[in-house]
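**Q** Prediction below, plus the sequence it came from.
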Amino acid sequence: MQYTTFYESPIGRMLLAADDAGLTGLWFEGQKYFARCLGRETEEKELPIFAEAKRWLDIYFSGKEPDFTPPLHFTGTDFQKEVWDILCAIPYGQTMTYGAIADQLATKRGLSRMSAQAVGGAVGHNNLSIIVPCHRVVGSDGSLTGYAGGIERKTFLLNLENAKISGAS
């Protein structure tokens with residue numbers, strides 16, 4: 001069974017989803033791939049995990065870096081989970097390019113190279129917006145490409161963090 005609730009952020013209403021293992025989803029209403037991991041049976045209910053996630057979001061949207069992460073339950077392929085783990089390691093206020101993530105994965109797997117486009121697909125299918133900071137991934141030239149929640153929101157989030165853009169010259 002999955003449970004849901006809503007959060008009113010400064011840049012739009014968000015749907016939160018969780019199961020017994022942790023937070024499974026955090027999406028802006030109307031974003032690409034909205035609620036794609038939700039099963040047919042869901043119940044809107046306030047749970048302790050939601051209170052923790054909302055507290056995290058309140059801290060984040062106040063312009064501060066939260067010093068905790070609510071329990072997360074990734075639902076995706078092994079490759080997607082590897083990419084999402086790397087996203088979680090991008091420090092607050094910093095960015096990383098799709099190519100740098102691909103290079104890191106290639107090194108980890110003992111490969112000469114990996115597709116930045118494949119990384120982009122995994123980043124785009126991240127179910128846990130903001131907490132798994134896909135907004136911190138930029139193009140090789142520092143361009144703000146591809147954000148399922150919309151480029152305006154990505155810009156807002158990076159500005160909120162006073163982010164240093166990787167790849168920008």
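**A** Thanks, I have the structure now.

**Q** so what's residue 66 up against?
**A** Residues in contact with residue 66 (C-beta atoms under 8 Å, 6 or more residues apart in numbering) are 56, 59-60. Bear in mind the C-beta positions are built from the backbone N, C-alpha and C, glycine included.

**Q** List only buried entries from those.
**A** 56, 60 (16 or more other C-beta atoms under 10 Å).

**Q** Make JSON lines from the contacts of residue 66 and add pLDDT to it.
**A** Output for the contacts of residue 66, formatted as JSON lines (pLDDT from 0 to 100):
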{"residue": "56", "pLDDT": "98"}
{"residue": "59", "pLDDT": "98"}
{"residue": "60", "pLDDT": "98"}
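
**Q** Just the contacts of residue 66: which are in helices?
**A** Of the contacts of residue 66, the ones assigned to helices by DSSP state H are 56, 59-60.

**Q** Just give me the closest of the contacts of residue 66 to residue 73.
**A** Distance to residue 73, by C-beta to C-beta, is smallest for residue 56 among the contacts of residue 66, at 15.2 Å.

**Q** if you skip the residues just before and after it, what's nearest to the residue located most distally from the centre of the chain?
**A** Largest separation from the mean C-alpha position in the chain: residue 112, at 27.1 Å (C-alpha atoms, centre = their mean). Spatial nearest neighbour of residue 112, excluding adjacent residues (C-beta to C-beta, 6 or more residues apart in numbering): residue 106 at 6.7 Å.
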